[in-house]
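Enquirer: dropping the sequence and predicted coords here.
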Amino acid sequence: MSYPQPLTPAERLADAKKQLSLPGIVAICGSTRFMTEMTEADLRETKAGKIVVKPGCDMKSSHELWSDPVEAQAVKVRLDDLHRAKIRLADEVLVVGDYIGDSTRAEIAYARSLGKPVRFTHPEVDPDA
């Protein structure tokens, strides 16, 4: 007699989203120099009926929350972890901008390692193209 295999966490999440009738979730990635473009992409994806998650902080802009260099490094680590969680939650990833830096390259690789589809506003910058 064979028994059904338990669902993986990713399969349980997909099942929960289906049971809740959630619309597709897109994670926006890219250099924070493209925050304006990310906001535009958020608008377009939302209009298309998707739930959008994206970076909520631009640490390249000065702010009291990361004015201390030691604290800034700790904040960066937490924000990177948070963004990877957004990628895990998402059904797909949209990379914004015509430049791919090391952080964005790592996010793309992470999304693809999870089997997430990755779209680009500028397909010519796809590191795997």
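Expert: Good, I have the coordinates. Numbering: from 1, shown residues only.
Enquirer: with adjacent residues omitted, what lies nearest to T32?
Expert: D58 (4.3 Å; C-beta to C-beta, 6 or more residues apart in numbering). For every residue, glycine as well, the C-beta is placed using N, CA and C.
Enquirer: my read: that neighbour touches F34, true?
Expert: No - D58 sits out of contact with F34 when judged by C-beta atoms under 8 Å, with a separation of 9.8 Å.
Enquirer: still on that earlier bit, so the residue nearest to T32 sits in a strand?
Expert: No - counting by DSSP: H, G, I helix; E, B strand; the rest coil, D58 falls outside a strand, being coil.
Enquirer: give the burial count for it, as a bare number.
Expert: 14 (other C-beta atoms under 10 Å).
Enquirer: any idea how far V75 is from it?
Expert: According to C-beta to C-beta, to the nearest Å, D58 and V75 sit 12 Å apart.
Enquirer: now for the lengthiest helix in the chain, which elements pack on it?
Expert: Secondary structure of the chain per DSSP state H: the longest helix is helix 69-89. The contact analysis (3 or more C-beta pairs under 8 Å, 6 or more residues apart in numbering; DSSP states H and E) places helix 69-89 against helix 9-19, strand 25-29, helix 102-113.
Enquirer: now with 10 Å?
Expert: helix 9-19, strand 25-29, strand 51-53, helix 102-113 (3 or more C-beta pairs under 10 Å, 6 or more residues apart in numbering; DSSP states H and E).
Enquirer: pull the distance from the first one to the chain's centre.
Expert: In other words, helix 9-19. Taking C-alpha atoms, centre = their mean, to the nearest Å, one finds helix 9-19 lying 18 Å from the centre of the chain it belongs to.
Enquirer: same question, the third one
Expert: With C-alpha atoms, centre = their mean as the basis, the distance from the averaged C-alpha position of strand 51-53 to the chain average is 9 Å.
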